[in-house]
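Undergrad: Below is the structure, and that's it, no one-letter string:
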């Protein structure tokens, strides 16, 4: 469980660093995917 939250934090850090050098639309797409994955995970538990 803590591993999941660690990987989520790492993903957010990664996306934050990406946002500095990528277009906003790409960042929004990544956030959409992240949110979808989070919802799927919450449904499974």
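TA: Here it is on my side, so go on. Since we're looking at a predicted model, the values are computed, not measured.
Undergrad: When you work out contacts or count neighbours from here on, use the C-alpha atoms and nothing else.
TA: OK.
Undergrad: May I have the secondary structure class of the most centrally placed residue in the chain?
TA: Compute the mean C-alpha point of the chain, and by C-alpha atoms, centre = their mean the closest residue is residue 34, 3.7 Å away. Classification of residue 34 by DSSP: H, G, I helix; E, B strand; the rest coil places it in helix.
Undergrad: how close does it sit to residue 28?
TA: 10 Å (C-alpha to C-alpha, to the nearest Å).
Undergrad: quick one: contacts of the lowest-mean-pLDDT helix or strand in the chain?
TA: Ranked by mean pLDDT, DSSP states H and E, the weakest helix or strand in the chain is helix 2-19, scoring a mean of 75. Residues outside helix 2-19 that contact it (C-alpha atoms under 8 Å, 6 or more residues apart in numbering): 27, 30.
Undergrad: Try it again at 7 Å.
TA: residue 27 (C-alpha atoms under 7 Å, 6 or more residues apart in numbering).
Undergrad: Could you list the buried residues of it?
TA: Using 16 or more other C-alpha atoms under 10 Å as the test for burial, helix 2-19 gives residue 15.
Undergrad: Show me how far that helix is from its chain's centre.
TA: Its chain's C-alpha centre and that of helix 2-19 lie 6 Å apart, by C-alpha atoms, centre = their mean, to the nearest Å.
Undergrad: Over to stretch 26-34?
TA: Centroid separation between stretch 26-34 and its chain, computed with C-alpha atoms, centre = their mean, is 7 Å.
Undergrad: how about it: buried residues?
TA: Result for stretch 26-34 [16+ other C-alpha under 10 Å]: buried residues 27, 34.
Undergrad: What mean pLDDT does it get?
TA: Over the span of stretch 26-34, the pLDDT mean works out to 81.
Undergrad: heads up, I number from 755, so please use that
TA: Let's use 755 as the start, then, which means that last one is stretch 780-788.
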